[in-house]
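# Need coordinates for the below:
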Amino acid sequence: MCDTSPGDVLTSRPRPAPGAAVDPIALDPVDEVEIVTLVDNVYDALLPGDERIRRAPSTSGVVTAPQFQEGKTPTWMMAEHGFSALVTVRKAGHSTTLLFDTGLSPDAMVTNADRLGIDLGDIHSVVLSHGHFDHAGGLSGLAGKRGVRSLPMVLHPLVWTKRRLAPPNQPTEELPTLSKRALEGEGYEVIERRQPSVLLDGSVLITGEVDRTTDFERGMPPPHQAWTGKDWVHDPLV
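Sure thing, here's the model as predicted:
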């Protein structure tokens, strides 16, 4: 919750700093930001909450189970390899929700949203961090759940690149590749941006492509490859 004065906010805004990689972008202050994790690699129902973190209740996802005396059992949240989060920004009494990534499978994100009582119909736009399938697989589930007529989706223009994993002395595995035609056919308004973007009247920054400017940022290892149209080459970027 923002409880600082306007002068404090102005003072805390990004300022010029040495180095070519620094490009300050001023954002308008907001009152509150809430992040709801819909999909993550793990889920621990025994973790407690605190004054800043609310855990999913034990009643999330109760289903019929005749093998129990009560005839039901909790299923709690689904975990899978991948990530998805809802980011809700509150400003001047108005709330806007963005969907950041969508998990691996078509089902996990929408199932977890249902178990948390979240209406995915309130989503303002979708942002994909990158094109790997474990962050984009839930797009079809979202389309089937709510319909996505003219739902803006911001992504990097290289998410359509065919990629594969080709580790030495092991079978090659081609990774699923997003289809722009299919996404637009489902109703997504695809917005390709390599450069930074600002959303919600300048309150949210989408970084765009993040340049690697230090020696230790080597990126993906050589078995991660991309198709150039003629050949498979090492693709350190995601």
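# When you work out contacts or count neighbours from here on, use the C-alpha atoms and nothing else.
OK.
# what bits of the chain have low per-residue confidence?
Low-confidence segments of the chain (pLDDT under 70): 1-23, 146-148.
# What residue in it is the furthest from its centre?
No residue in the chain sits farther from the centre than residue 69, which is 39.7 Å out by C-alpha atoms, centre = their mean.
# Please confirm that it is located within a strand.
No. Counting by DSSP: H, G, I helix; E, B strand; the rest coil, residue 69 is not found in a strand; it is coil.
# Strands of the protein, start to end?
Here the chain has its strands, by DSSP state E, at 32-39, 62-64, 72-74, 84-91, 94-100, 123-127, 151-155, 163-165, 173-174, 188-192, 197-199, 204-206, 224-227, 232-234.
# Quick one, which of those gets closest to residue 180.
Across these, residue 180 has its closest neighbour in strand 188-192 (7.6 Å, C-alpha to C-alpha).
# How many residues are close by residue 86?
Residue 86 sits with 22 neighbouring residues when counted by other C-alpha atoms under 10 Å.
# again, but for residue 93
Residue 93: 6 surrounding residues under other C-alpha under 10 Å.
# The strands of the chain into TSV, with extra columns for distance to residue 107?
Output for the strands of the chain, formatted as TSV (distance: least, C-alpha to C-alpha, whole Å):
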stretch	distance to residue 107
strand 32-39	10
strand 62-64	16
strand 72-74	18
strand 84-91	12
strand 94-100	15
strand 123-127	17
strand 151-155	19
strand 163-165	24
strand 173-174	22
strand 188-192	18
strand 197-199	28
strand 204-206	26
strand 224-227	27
strand 232-234	32
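# Now do the residue nearest to residue 221 when sequence neighbours are not counted against residue 179, distance only.
If the residues on either side of it in the chain are set aside, residue 221 comes closest to residue 236, at 6.4 Å by C-alpha to C-alpha, 6 or more residues apart in numbering. Using C-alpha to C-alpha, to the nearest Å, residue 236 is found at 22 Å from residue 179.
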